[in-house]
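build me a model from this:
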Amino acid sequence: PTWEQLENAMVAVKTVVHGLVDFIQNYSRKGHETPQPQPNSKYKTSMCRDLRQQGGCPRGTNCTFAHSQEELEKYRLR
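Prediction:
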């Protein structure tokens, strides 16, 4: 590729990254707030299957399943 083509590619990448950052800042959930489970819900009452099988969870803090024994016990007591 020519230097001009490389420059155009870098400008395109920069535009995409800026658009993604703007989208995430404007449309993502509010910070890392813990969702409030409904009474008698099954929220975090069993371990996350993705975490057990793959070693990681794509949903992160938004996952409705527990990621640790402590988290499991915390929500089972409610």
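
pull the residues that contact the longest helix seen in the chain.
Scanning the chain for the helix with the most residues, using DSSP state H, yields helix 3-27. Under the contact criterion CB atoms under 8 Å, 6 or more residues apart in numbering, helix 3-27 has outside partners residue 1. For glycine as for every other residue, the C-beta is placed from the backbone atoms N, C-alpha and C.

what packs against the helix or strand containing residue 72?
Assigned by DSSP states H and E, residue 72 belongs to helix 69-76. Judged by 3 or more CB pairs under 8 Å, 6 or more residues apart in numbering; DSSP states H and E, helix 69-76 has no packing partners among the helices and strands.

quick check: buried residues in that helix?
For helix 69-76, the neighbour count (16 or more other CB atoms under 10 Å) marks 72, 75 as buried.

so where's this protein uncertain?
Along the chain, the model assigns pLDDT under 70 to residues 29-40, 78.

50 instead?
Counting by pLDDT under 50, the chain contains no low-confidence segment.

run a quick neighbour tally on residue 2.
7 (other CB atoms under 10 Å).

roughly how far apart are it and residue 55?
To residue 55, residue 2 is 42 Å away according to CB to CB, to the nearest Å.

same deal with residue 12?
Counting by CB to CB, the gap from residue 12 to residue 55 is 34 Å.

out of those two, name the residue with the larger neighbour count.
Applying other CB under 10 Å to residue 12 and residue 55 shows that residue 12 carries more neighbours, namely 10 against 7.

how close does that one get to residue 63?
According to CB to CB, residue 12 and residue 63 sit 33 Å apart.

how about residue 74?
The spacing between residue 74 and residue 63, counted by CB to CB, is 14 Å.

and for residue 18?
Using CB to CB, we find residue 18 at a distance of 28 Å from residue 63.
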